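[1] coords please:
(chains A and B)
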Amino acid sequence: MGKIAKYTRRGFLGLGIAAAGGLAVGYYYYKKPYPNPLPDTLAEGDYSFTPYVIIGSDNAITIITPRAEMGQGIHTTLAALVAEELDVDMDQITAEHGPAAAAYYNSAMLEEGAPFPFFEDGFMAETTRGAMGVLGKFLALQVTGGSSASIDAFDKMREAGATARAVLLEAAAQHWGVAADSLTTTRAEVINPNGERLTYGALAQSAAKLTLPKPPALKDPSNWRILGKSQPRVELLEKVTGASIYGIDVQLPDMLYATVAMSPRFGAKAKSADEVAAMAVPGVLNVVEIVTSAGFGFGIIASNTWAAFEGARALAPVWEAADYPADTAGLKALWNEALDKDASFTLGGVGDPEAALQGAEVIEASYSLPYLAHTTMEPMNATAHFKDGKLTLWLGTQAPGIAAMVTAELLGIEAGDVEVITTHLGGGFGRRAEADVPLYAAAIAAQTGGKPVKVTWSREEDMQHDTYRPMAEARLTATLKDGLPEALDYRVAAPSINKSLFARTFPNMSSAGPDRSILDGSFDQPFSWPHSRFAAHQVDTNIPVGFWRSVGHSINGFVHESFLDELAVAGGQDPLKMRLAMMHDERHEPAREALKAVAEMAGWGQPLPEGVGQGIAHTLSFGTWVAEVVQVDMRGGTVKIEKIWAVADPGMVLDPGNFEAQITSGIIYGLSAAVGQEISFDDGRVVQENFYDYDALRMAGVPPIEVALLENSPRMGGAGEPGTPPIAAALGNAIFSASGQRLRALPFGNDVEFDLG
Amino acid sequence: MELQVNGQTHQVEAPDDMPLLWVLRDLLDIKGPKFGCGVGACGACTVLVDGIPTRTCTTAAADVSGEITTIEGLPDGERLHKVQEAWIKHEVPQCGYCQSGQILAAVALLEETPQPTDADIDAVMTNLCRCGTYPRLRAAIHEVAGMEG
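    Numbers count the residues shown, from 1 in each chain, chains lettered A, B, ... in the order given. Below is the predicted model:
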C-alpha cells in the first residue's frame, strides 16, 4: 500500500489544521506574501520551508499541492515543480492537498479572465492581466479551474523548491564550516566535496531556524531532470486499491446521513411536503428546511444514505411555479427575442462589417446548443460538522475558500471558524467549484444537535440541480471575397455565468463588466477577418448556469468552427487551406502549425470512399492551441466515428503523458455531449433524471484517438479543458463531408443515428 | 442477514429491500463500491458475487448468498492483482471514482475470456467513465491478456 504521510493522518482527522478564511481582504499590500499556514499543522520533528515543503527529521518529504486533484494529475505535476528545484526524486516525496489558506491563491485563472485574446500582448492587455492577477491575490481564490493550475504554479512552486534547497545548503555549510557554494545536492542529500553527506532530514531542524533567502536562480529547462518528462502519477496505487478517500467516503464517529430534496423549479419555494410520510420511512430521523441563496428545499436526515433517499421520495414536495418559460421551446423563443434586440456588448472585432455586408451576397446560418449537465461520476456530497460555533467541512471542492466564506455567512460565524478539508474529487469539470453543496450541508448540520452529517445527493437530484453549461442560440452572417471570408456578423444569445454565479454565491455583490464567457471561442480566435463584429445578447433567467469544462469555448468553438466550414464550402475552398490562408498574423503561427500537423497525421486531402468523410476544427482556449480531425463512416446509414487525431500546443509541456491523457479526456467529454447530451425543460424543471436519459459514451463508442504535442506557443497554456472545444465542430464537419448533411444543432444524435458499438 | 465479503462473514441487520451497495458502504464501512446512479446504469458499484460482476445499487442485500469480492479483497495479501498492476503501468485512473468497478469488471472478463478481442472488451466493459479513460483501460486489459499468452 502507498505510504500515508503524517500530514494526511493529522489532516484528515481534522486535527490541528489552521483554518483560513477565503476572503481575507485586509490591508495587505499586494506584494506582501500571505503567511505560511503550515507551522501550526506540523508534528514533532517536521519542519516547513515555504508554504509548499515539509521535511521531517526522518527525511520524509511532503510537498503541498494546493489544487483539487480531480483526475487531471495536477498533484503529480505540482509536486514535480518543487522536486525539480529541491533536488529530490519523485519516489522520495508525498503530495498532499494541504489546508485551505490564503497563501495558495490562484492568480493565473483571473489573468486569463481579462477581456483580451490570449495572443494579444498590447499595453492594455498586459496591464489588465497583471491587475487581474493582483485581484486574485486580494481575493485569495484558492480555486482549481480555467486549466490554470500549472501556469499559476510554474514559478511559485519552482521557487519554493529552490528556496528550501538554498536554506538546507546554508545549514549544511554552517555545520561543516565550508562555503555553501562548494556543496552539491542529490536525492535529498547535501554532499560535501570531502565525500561527507547529510540528508535533508538531518538538516531540517537547524535549517528551519535560518531566514529563508530570496528565491535563487532557477534551473535552465535544458538541465531539468523531472520536468518535461512523463512522471508516474503520485496517487495511482490508492486509486487501484479502493483506498482513495472521496468526499462520499468520509466516515466520522456518530455521523448521521442525509440527502436533499431541493426545488427543481429554480427560485421557486415549496407549497407543501408530506413530512409524515417521510418520517414513517424506517431510518428517517428528521426533515429540515433549507433556505439559501443557492436554492430552497429540504434536508432528510437518516441513519443511512438509502433511508434518506427513501425518505426524500416519500416527502414528495409540491413546488411553486417557476418564473421563467416552462419548457425548452419557450426558453428558445426568449433567446431568439434577445437576438432580435440590440446587443448587450461586443468584444473584439475589426473594420466595418456592416458596410461590408450591406448589399453583398451573404451566407447565413443559425446554431443551437442545449443546456448540459456535468454528471461527475461521484454525485454531489459534503460532510459537515457544526459544533460550538465552528464548522468543519469535508468536501471534494475546486474552491475551498469560497466554500468557507459562504457557509460562514449562512451560519453567522467568521470565515476563520470554518475549516475545509479537501478530499479527492470523483470528477469536477467545473461543477465542484460551486458553493451550493457545502451550503446545503451546512444548513443541515446546523440542525443535528452538533453531530456530523454526510449529505449525499441522489443522481436524479444531481442531474436536476446542476449549474448547467448555458443554452445558446447563434445567428451568423458573412460574405466572401475571391472565395475567402471577408466580413462576419456574429451574434450569440446566452446567459451570463458570472451573473448566475454571483446571484447564488454572493447575493450581496454584483458581477461587474461584460461576461466574456458568452463570446469566448469566437472573438479571441487566431483568424484575420477583414471585417468582423462579435456581439453578446445576454439573456438571464433563474436557471443556474456555471463552468462546464472549457466554459464558453465549448459553445463558440462549435459555432465558429462549423461556420468556417460552411464558408469554405460556399467559397469552394478546402477547409484546411482556407483557415491557413486566413491566419495571416505571425502571432497565429501556433495555430497554423497545429493545423498542418494534425492534417498530416490524418492524411487530410487524400481520397476517401463515398460516404466516408473527415472534418477539421481548431480552437485556442486557456492558452492552448488545439486542432482536431474526426473521420466518420456513414456507408451503413449510421454515423460510425472511426478515428480522431489531435494536435495540442501549450507552449511548454511539463508532463507529456499526463498532458496527452488530459487532451484525450477533454475530447471524449466533448464527444459525449456532441453525440447525445441535452438537458431540456418541461413544466419548469429539467426533464432528464439519470444516465438512462442523459448518458455519456461508453468504451464501445469511443474510437482510437491519436494525440501529438507541439511547443511553439510563446506562453504556457492549460491541459484540462482545451481538448473539448473543437470536437463538436470537427465531428459535424466530418458528417457534412461524408453526407452533405449540415448539422447546426447539438446534440447531433437528434438528427442522425450514431453507431456506438 | 449474513454476508460473505472478502473472506469474512458479517452479520448485518438491514431491511430486506436495502441494496447491497448501501449495506456495504454505510453499515459495513466497505467503501470500495461506489454510488454512481442508483439504477444499475453506470457500474460504479460493481462487485463480484461468486466471480460474476454485479451492480450492487439494484441488488437487494437479502438476495445475495454468494461470496462477495470488492476491490479491497482483490489483492492477494500485499500483492496486487495483475489487473491492478496493469492499471498502474498504463496509468489508467484519472479521478479514479469508477475504477474499482472497472477493475472488477475487467477481472471477470479476463477470467471468462483470457485473450479478449476489442469486440469482446466492447461487449462486456460497459461501465461509465466520465474522465474518458477508455483508451488506456483497453490497453491495460490487452496487457494482462498478453501476460497470459
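[2] SS state for A:Gly572?
    coil (DSSP: H, G, I helix; E, B strand; the rest coil).
[3] do a quick rundown of the strands in chain B.
    B:2-5, B:8-11, B:46-49, B:52-55, B:67-69 (DSSP state E).
[4] out of these, deepest packed?
    strand B:46-49 (a mean of 24; mean count of other CB atoms under 10 Å in any protein chain shown). (Each C-beta comes from the backbone N, C-alpha and C, glycine too.)
[5] residue contacts, A:Arg67?
    The contact partners of A:Arg67, by CB atoms under 8 Å, 6 or more residues apart in numbering or on different chains, come to A:Ile74, A:His75, A:Leu78, A:His97, A:Asn106, A:Thr144, A:Ala149, A:Ala153.
[6] now, which of the residues you listed lie within helices?
    Among the contacts of A:Arg67, the members found in helices (DSSP state H) are A:Ile74, A:His75, A:Leu78, A:Ala149, A:Ala153.
[7] could you give the number of residues near the second one?
    Other residues within reach of A:His75, judged by other CB atoms under 10 Å in any protein chain shown, total 24.
[8] thought it was touching A:Ile64?
    No. Contact criterion CB atoms under 8 Å: A:His75 and A:Ile64 do not qualify, at 9.9 Å.
[9] related to what we said a few turns ago, out of the strands of chain B, flag the one nearest A:His584.
    Closest to A:His584 of these is strand B:46-49 (CB to CB; 53.9 Å).
[10] chain center to the closest one, what's the gap?
    Centroid displacement of strand B:46-49 relative to its chain, using CA atoms, centre = their mean, to the nearest Å, is 5 Å.
[11] give me the element A:Ala166 is part of.
    helix A:149-176 (DSSP states H and E).
[12] what is that helix packed up against?
    Packing partners of helix A:149-176 (3 or more CB pairs under 8 Å, 6 or more residues apart in numbering or on different chains; DSSP states H and E): strand A:46-49, strand A:53-56, helix A:74-86, helix A:107-111, strand A:184-186, strand A:189-191, helix A:200-208.
[13] need those in JSON lines (columns: distance to chain B and mean pLDDT).
    Putting the helices and strands packed on helix A:149-176 into JSON lines (distance: least, CB to the nearest CB, whole Å; pLDDT from 0 to 100) gives the following:
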{"stretch": "strand A:46-49", "distance to chain B": "27", "mean pLDDT": "91"}
{"stretch": "strand A:53-56", "distance to chain B": "24", "mean pLDDT": "94"}
{"stretch": "helix A:74-86", "distance to chain B": "10", "mean pLDDT": "94"}
{"stretch": "helix A:107-111", "distance to chain B": "20", "mean pLDDT": "62"}
{"stretch": "strand A:184-186", "distance to chain B": "27", "mean pLDDT": "96"}
{"stretch": "strand A:189-191", "distance to chain B": "28", "mean pLDDT": "97"}
{"stretch": "helix A:200-208", "distance to chain B": "26", "mean pLDDT": "95"}
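[14] can you redo those as TSV with distance to A:Gly611?
    Listed next are the helices and strands packed on helix A:149-176 as TSV, based on distance: least, CB to CB, whole Å:
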stretch	distance to A:Gly611
strand A:46-49	63
strand A:53-56	59
helix A:74-86	43
helix A:107-111	45
strand A:184-186	60
strand A:189-191	64
helix A:200-208	64
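[15] can you list the residues of the stretch 301-450 of chain A near chain B?
    A:304-306, A:309, A:375-379, A:424-429 (CB under 8 Å from any CB of the partner chain).
[16] mind running it again at 6 Å?
    Within the stretch 301-450 of chain A, the positions lying close to chain B (CB under 6 Å from any CB of the partner chain) are A:Asn304, A:Thr305, A:Trp306, A:Met377, A:Glu378, A:Gly426, A:Gly427.
[17] again, but for chain A
    Looking at chain B, the residues of chain A close enough under CB under 6 Å from any CB are A:70-71, A:233, A:236, A:239-240, A:242, A:244, A:249, A:251, A:304-306, A:377-378, A:426-427, A:459, A:665, A:668, A:690-692, A:698-700, A:702, A:757.
[18] drop anything exposed from these.
    Buried residues within the residues of chain A next to chain B, counting neighbours by 16 or more other CB atoms under 10 Å in any protein chain shown: A:70-71, A:233, A:236, A:239-240, A:242, A:244, A:249, A:304-306, A:377-378, A:426-427, A:459, A:665, A:668, A:690-691, A:698-700, A:702, A:757.
[19] just the ones of the residues you listed in helices?
    Reading helices off these with DSSP H, I get A:Leu236, A:Lys239, A:Val240, A:Thr305, A:Trp306, A:Arg459, A:Ser665, A:Ile668.
[20] show me where the stretch 401-550 of chain A has its helices.
    A:436-445, A:459-464, A:497-505 (DSSP state H, counting those that start in this stretch).
[21] need the winner for burial among those.
    Of the helices of the stretch 401-550 of chain A, helix A:436-445 is the most buried (mean count of other CB under 10 Å), at a mean of 28.
[22] give me the low-pLDDT residue ranges for the chain?
    Here I'm looking at chain A. A:1-33, A:107-116, A:119-147, A:511-512 (pLDDT under 70).
[23] ah, no, chain B please
    B:148-149.
[24] residues of it that sit close to chain A?
    Listed as neighbours of chain A in chain B under the rule CB under 6 Å from any CB: B:18, B:22, B:26, B:29, B:31-32, B:36-39, B:41-42, B:44, B:71-72, B:84, B:87-88, B:91, B:93-100, B:122, B:125-126, B:130-132, B:134.
[25] what's the domain layout of the chain?
    In the absence of a named chain, chain A is used. A:6-105+A:140-240, A:249-321+A:380-456, A:328-372+A:468-750 (automatic domain parsing).
[26] wait, chain B
    Structurally, chain B divides into domains by automatic domain parsing as follows: B:2-73, B:82-148.
[27] buried deepest among those, which one?
    Highest mean neighbour count among the domains of chain B (mean count of other CB under 10 Å): domain B:82-148, a mean of 22.
[28] now do the helices in the stretch 201-350 of chain A.
    Using DSSP H, counting those that start in this stretch, the helices found in the stretch 201-350 of chain A span residues A:236-240, A:275-280, A:305-315, A:328-340.
[29] in a markdown table, list these along with distance to B:Gln115.
    Putting those into a markdown table (distance: least, CB to CB, whole Å) gives the following:
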| stretch | distance to B:Gln115 |
| --- | --- |
| helix A:236-240 | 22 |
| helix A:275-280 | 53 |
| helix A:305-315 | 40 |
| helix A:328-340 | 48 |
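[30] just say which of the ones you listed is most tucked in.
    The most buried one of these (mean count of other CB under 10 Å) is helix A:305-315, showing a mean of 24.
[31] re the thing from before, can you redo the domains of chain B as CSV with distance to A:Ala536?
    Formatted as CSV, the domains of chain B follow (distance: least, CB to CB, whole Å):
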stretch, distance to A:Ala536
domain B:2-73, 36
domain B:82-148, 30
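[32] nearest spatial neighbour of A:Ile518, chain-adjacent residues omitted?
    With sequence-adjacent residues excluded and distances taken as CB to CB, 6 or more residues apart in numbering or on different chains, A:Ile518 is closest to A:Ala536, at 4.1 Å.
[33] you'd agree that neighbour is up against A:Arg516?
    No. Using CB atoms under 6 Å, A:Ala536 is not in contact with A:Arg516, being 8.4 Å away.
[34] what about the two, which has more around it?
    Applying other CB under 10 Å to A:Ala536 and A:Arg516 shows that A:Ala536 carries more neighbours, namely 26 against 23.
[35] for that one, give the beta-bridge partners.
    A:Phe345, A:Val492 (DSSP bridges).
[36] gap between A:Arg742 and chain B?
    27 Å (CB to the nearest CB, to the nearest Å).
[37] contact partners for that residue?
    Neighbour list for A:Arg742: A:Phe736 [criterion: CB atoms under 6 Å, 6 or more residues apart in numbering or on different chains].
[38] any idea how far A:Gln614 is from it?
    15 Å (CB to CB, to the nearest Å).
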